[in-house]
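Engineer: kindly generate the corresponding structure for this input.
(one chain, ligands or ions: 1)
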Amino acid sequence: MKTTVIIGGGASGMMAAMTAARESDNHILLLERQARVGRKLLSSGNGRCNLSNLYADRTSYHGADTDFVLPALKRFGVGETLDFFRGLGLITVTEPDGRVYPLSNHANSVVDVLRFGLQRDNIELHTENGAVYSRRNGSRFLVGTTEGGHIHADYVIVACGGAAAPKLGGVMDGYRLLEEMGHSRTKLNPSLVQVKTDPTYPRALKGVKADAVVAVFAGPSILAAKRGEVLFTEYGVSGPAVFDISRAISTGGDGLSVHLDLLADLTEDEVMTFLVRRREIAPHLPANQMLTGALHNRLGQMVCKYGRITSSQRIGQLSNDELRAVAGAAKEFVLEVEGVAGFDSAQVTAGGINTDEFNPDTLESRLIPGLFACGEVLDIDGDCGGFNLQWAWSSGHLAGRLGK
Ligand SMILES: Cc1cc2nc3c(=O)[nH]c(=O)nc-3n(C[C@H](O)[C@H](O)[C@H](O)COP(=O)(O)OP(=O)(O)OC[C@H]3O[C@@H](n4cnc5c(N)ncnc54)[C@H](O)[C@@H]3O)c2cc1C
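Structural biologist: The predicted model follows:
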């Protein structure tokens, strides 16, 4: 009988436990410092749990070496993940953009089937019992727990997650445990997080949503761009498209700006044609109504203001240059970036334990045989849309094979 200690009962740790438990001579101790397993999962996807994405591939991931994800995705990709969950009794639905959710629309369903899956003779689940240290002890490991226990193990899998969302259990433990065993990590930055900008325009638009192309610029250079939903907030912008470019902001230094193309399906000339036509058919309307019908009313008025058009003017009084300014504002609404909202509001950690210290084919440490790591603690983070959980399942499965 071989003993495996898995530190962390989140997405990747539970997957690792179930995978390792397929070998009946493996005895698994799953340590979870919180009162329940899967705490973060329960809050994922706005409580719906976006557990995967049909389009997950290397391009959905970030880190110093994104090729690192390939063996895990190849061995246990989206298809295998969906089969696995089907086997546990979970029915899923896939949205047109590839996002996979439980049919119930409740994250509880995902956590519940995982909890049922953990109920096996060779898995011992210890909740409210965290690992405080893990070290080599001869040819085995010694893991100390918050309950004062000292567990001897043949294998250790670190699945502690990252630093994001401390209220849901995000901690530095995984990094510390691995660093104490000789591993190193990159700088950590919050990702999939709201962006703080000059609040002048966003504050007045609080609660308004728009479909836009969002691009991050450092001077004239574009760092990232994404099309999708943007939500204006008191302090800046949020929403799925903003989450996806937040990594570039979080890691991109100072002097950044966010450029919104609010009429992405039209060229600037087409917007101009639309505005000229509007001037012909509705010259009597207040000038700040020029984009009514094309954009959310409040947003349209704000774009006019940004283009220096005042509500005291009438559309018919506007010159072509003034119309051109509004068309330009709709195509390039620029907000100066002040930063990102921080780990408290982030969904994921960009950065982590250096992946070159782990074998991508097994997720075993290159420094300490028998030590494995999976999930967010490694220097891999995904885009918004189910990619982070897919990495947790894929890497948890690979680590749980214990090198086989
Ligand atoms: C609000 C929110 C919404 C999200 N929504 C989505 C989504 O819809 N789709 C998606 O793909 N991703 C989503 N994510 C990201 C996703 O949840 C994580 O990337 C994923 O859970 C990481 O899995 P993990 O196993 O590495 O870590 P976690 O799931 O965080 O699990 C780590 C576990 O380890 C435990 N632990 C830590 N230290 C110790 C210790 N010393 N001893 C014992 N236990 C310890 C923690 O308590 C935790 O339970 C979301 C994240 C947040 C915060």
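
Engineer: which residues of the protein lie near the ligand?
Structural biologist: Within the chain, the positions adjacent to the ligand are 7-13, 31-34, 39-41, 43-45, 49-50, 130-131, 159-161, 164-165, 168-169, 171, 173-174, 347-348, 375-376, 386-389, 392 by CB under 6 Å from any ligand atom. (Glycine included, C-beta is placed from N, CA and C.)

Engineer: which of these fall within helices?
Structural biologist: Among the residues of the chain next to the ligand, the ones falling in helices (DSSP state H) are 11-13, 39-41, 43, 173-174, 387-389, 392.

Engineer: I would like the residues contacting the helix or strand hosting R277, please.
Structural biologist: Assigned by DSSP states H and E, R277 belongs to helix 268-281. Residues from elsewhere that reach helix 268-281, judged by CB atoms under 8 Å, 6 or more residues apart in numbering: 263, 266, 290, 294, 315-316, 318, 320, 323-324, 326-328, 330-331.

Engineer: one more time with 10 Å, if that's ok
Structural biologist: If you take CB atoms under 10 Å, 6 or more residues apart in numbering as the criterion, helix 268-281 is touched by 261-263, 266-267, 285, 287, 289-294, 314-320, 322-324, 326-332.

Engineer: which of the residues you listed fall in strands?
Structural biologist: Counting by DSSP state E, the contacts of helix 268-281 place D261 in strands.

Engineer: distance of Q119 from L88?
Structural biologist: Distance of Q119 to L88, computed by CB to CB, to the nearest Å: 11 Å.

Engineer: more neighbours: those two, which one.
Structural biologist: Ranked by neighbour count (other CB atoms under 10 Å), Q119 and L88 place L88 first, with 15 against 8.

Engineer: isn't that one up against L51?
Structural biologist: No. The criterion here is CB atoms under 10 Å, and L88 misses it with L51 at 11.6 Å.

Engineer: quick check: neighbours shared by these two?
Structural biologist: Common contacts of L88 and L51, defined by CB under 10 Å, 6+ apart, comprise V110.

Engineer: got the CA positions of stretch 95-109 in PDB?
Structural biologist: The C-alpha trace of stretch 95-109 is given here as PDB (Å, rounded to 0.1, in the frame of the first residue of the first chain):
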ATOM      1  CA  GLU A  95     -23.300  27.300 -24.800                       C
ATOM      2  CA  PRO A  96     -22.600  28.500 -28.300                       C
ATOM      3  CA  ASP A  97     -19.200  30.000 -27.300                       C
ATOM      4  CA  GLY A  98     -18.100  26.700 -26.000                       C
ATOM      5  CA  ARG A  99     -18.600  27.300 -22.300                       C
ATOM      6  CA  VAL A 100     -19.800  24.300 -20.400                       C
ATOM      7  CA  TYR A 101     -22.200  24.500 -17.400                       C
ATOM      8  CA  PRO A 102     -24.100  22.000 -15.300                       C
ATOM      9  CA  LEU A 103     -27.600  21.600 -16.700                       C
ATOM     10  CA  SER A 104     -28.900  22.500 -13.200                       C
ATOM     11  CA  ASN A 105     -27.200  25.900 -13.600                       C
ATOM     12  CA  HIS A 106     -25.900  25.500 -10.000                       C
ATOM     13  CA  ALA A 107     -22.300  25.100  -9.100                       C
ATOM     14  CA  ASN A 108     -23.500  22.900  -6.200                       C
ATOM     15  CA  SER A 109     -24.200  20.100  -8.600                       C
END
